[in-house]
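Participant: The sequence and its predicted three-dimensional model are supplied below.
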Amino acid sequence: MTSRPPHTISVRVYYEDTDLAGVVYYANYLRFYERGRSEALRDLGIDQVAMKAAGLVFVVRSFALDYLVPARFDDLLEIRTGIGALRGASLEMTQEVLRDGETLNRATARIACMTVEGRPARLPADLRAALAPERG
């Protein structure tokens, strides 16, 4: 098996994303990362609306973020998202924000599969297959 390349989206930094110093307010990276994860799942064919209709949702169980360099107003950022370890009822997603090839920060999200009632649920076979590394 080979690891699939990370999924990438572009995000422009708007004035509303910054603090008084003109740098991205730290909590706004969570929104950028959420967009990256949502688009990565969509591109893998995972329909989260259909999942919810079937009684399952993904929730962030834990999130670790390492800030290295600030992003600033009007920067064009690249959000990269990779699929890490798959477990019975969760998966790990690795992410990073880059500007012109320079890594600004890195994050790891542990995503749990839950029922809409809030109980842990095993990843169904079709989701596990979509998330699994590509075969080489």
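Facilitator: Received it, and whenever you're ready, just let me know what you need.

Participant: Going by C-alpha atoms from here, please, whenever you check contacts or count neighbours.
Facilitator: OK.

Participant: Check what contacts the longest helix anywhere in the chain and list those residues.
Facilitator: Taking DSSP state H as the criterion, the chain has its longest helix at helix 28-43. Contact partners of helix 28-43, identified using C-alpha atoms under 8 Å, 6 or more residues apart in numbering, comprise 7-9, 11, 17, 47-48, 79-81, 93, 95.

Participant: And stretch 121-135, by the same measure?
Facilitator: Under C-alpha under 8 Å, 6+ apart, the answer for stretch 121-135 is 1-4, 44-46, 56, 83, 86, 88-90, 113-115.

Participant: how long is stretch 122-133 end to end?
Facilitator: Start-to-end span of stretch 122-133 (C-alpha to C-alpha, to the nearest Å) is 18 Å.

Participant: cool, stretch 117-130 as well?
Facilitator: Across stretch 117-130, first to last residue, C-alpha to C-alpha, it's 24 Å.

Participant: residue ranges of the strands in the protein, please?
Facilitator: Ranges of strands in the chain, per DSSP state E, are 7-12, 56-67, 76-86, 90-99, 102-115.

Participant: Could you dump those into CSV and include mean neighbour count, distance to Val23 and mean pLDDT?
Facilitator: Listed next are the strands of the chain as CSV, based on neighbours: other C-alpha atoms under 10 Å; distance: least, C-alpha to C-alpha, whole Å; pLDDT from 0 to 100:
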stretch, mean neighbour count, distance to Val23, mean pLDDT
strand 7-12, 17, 13, 98
strand 56-67, 15, 12, 98
strand 76-86, 21, 13, 97
strand 90-99, 22, 13, 98
strand 102-115, 19, 12, 98
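
Participant: returning to that earlier point: between the contacts of stretch 121-135, which is nearest Tyr26?
Facilitator: Closest to Tyr26 out of the contacts of stretch 121-135 is Ile83 (23.4 Å), distances taken as C-alpha to C-alpha.
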